[in-house]
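>>> Can you look at this prediction? I've put the sequence above it.
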Amino acid sequence: MKYLQIERKCGAVIEVTRCIPKENRKTIPKERRRKKTPEDIKKANDQQAKEKIIRKINTNFQPGDIFAVLTYDQKERPSPEQAKKELQKFLARLRRYYRKDGAELKFVCVTEYENKAIHHHIIINNMHSVNGSGSEYISKCWKHENGHGVVRFRSLSEDGFYAKLGEYILKETEGSEDRRQKNEQRYTCSRNLKKPKEKRIRKSIKADQWTGEPKAKDGYHIITDYIYNGFDRFGFPYMHYYMVKDKPKPEDWKDEKPCKVQGKTIKRRRRNNP
């Protein structure tokens, strides 16, 4: 049996997808051939959204970066439109602080306004300089004025695998009927986020070998809670899992490629070895 293995390098994580390529697919078995219900479609869309945001976070954020919750004063809670403007002002101010210190701001953000008091969940890359740190700048930019409330911080964990964090901030948008009707994106992010490095490998194995447990590469371990080994929506064998580096290092998130900032391309300089 021939299959395609897609490996995406996302920071300290390798996301692996194993599937049957189109050119090797035969007729779908009758026992798995049925019309997809709206629930099936929603489940598939939710799964894709979850994998996409996990991929973004793992690729662009690392241990020591910041997960913050921005709240509003109980007496002066804004409308969704006002909250959107307040968030834009906050990000503009924060970006200016980062640029003054020669740093580049990256973020992923979701706003919850339907089921709870309106607030923002935001993941931001941390930075340190003689003038201040990322957390200090966040507090300065989200001042207790104009109805702003407190800021709660949490540092990203040392393991470099942030699937639960991605699931958590996506969960904040579940059940938002108003957003679905308007076809609004469930979260926003900065334009300078990196894409994972992707590698496609075509392999051949015996049909009975597909059911075996995935094996980790040297120096990596597999997150058993996130292994899926079954069938895709067309009824063909499908496997998906994550391998995480045993001892992540900052170099795992290094990017030598150009990154875009507001339409301009800035090339990172490579340091010569001494």
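Now that the structure is in, tell me what you want to look at.
>>> For stretch 8-22, measure first residue to last.
20 Å (C-alpha to C-alpha, to the nearest Å).
>>> since we're on the nearest residue to Gly160 once chain neighbours are set aside, how many residues are nearby?
Take Gly160 and drop its neighbours on the chain: the residue closest to it by C-beta to C-beta, 6 or more residues apart in numbering is Ala12, 3.4 Å away. Where C-beta positions appear, they are placed from N, C-alpha and C, glycine not excepted. Ala12 sits with 25 neighbouring residues when counted by other C-beta atoms under 10 Å.
>>> I'd guessed Ala12 sits against Met243; true?
No - using C-beta atoms under 8 Å, Ala12 makes no contact with Met243, being 9.6 Å away.
>>> For Lys36, give me its contacts.
44, 233 (C-beta atoms under 8 Å, 6 or more residues apart in numbering).
>>> run the last query once more with 7 Å
Going by C-beta atoms under 7 Å, 6 or more residues apart in numbering, Lys36 touches Arg233.
>>> That one looks like it's in a helix, true?
No - counting by DSSP: H, G, I helix; E, B strand; the rest coil, one finds Lys36 to be coil, located in no helix.
>>> per-residue confidence for it?
For Lys36, the pLDDT comes out at 71.
>>> ditto for the one 3 residues further on
Glu39 is assigned a predicted lDDT (pLDDT) of 81.
>>> for Val261, same thing?
The model's pLDDT for Val261 equals 38.
>>> How about the one 4 residues further on?
With respect to pLDDT, Thr265 scores 37.
>>> Could you do Ile223 as well?
Predicted confidence (pLDDT) for Ile223: 96.
>>> Give me the nearest residue to it, chain neighbours excluded.
Tyr242 (4.8 Å).
>>> for that neighbour, helix, strand, or coil?
Put simply, Tyr242 is strand when judged by three-state DSSP.
>>> In the protein, where is pLDDT below threshold?
Within the chain, the ranges that satisfy pLDDT under 70 run 27-35, 114-115, 145-146, 173-185, 255-274.
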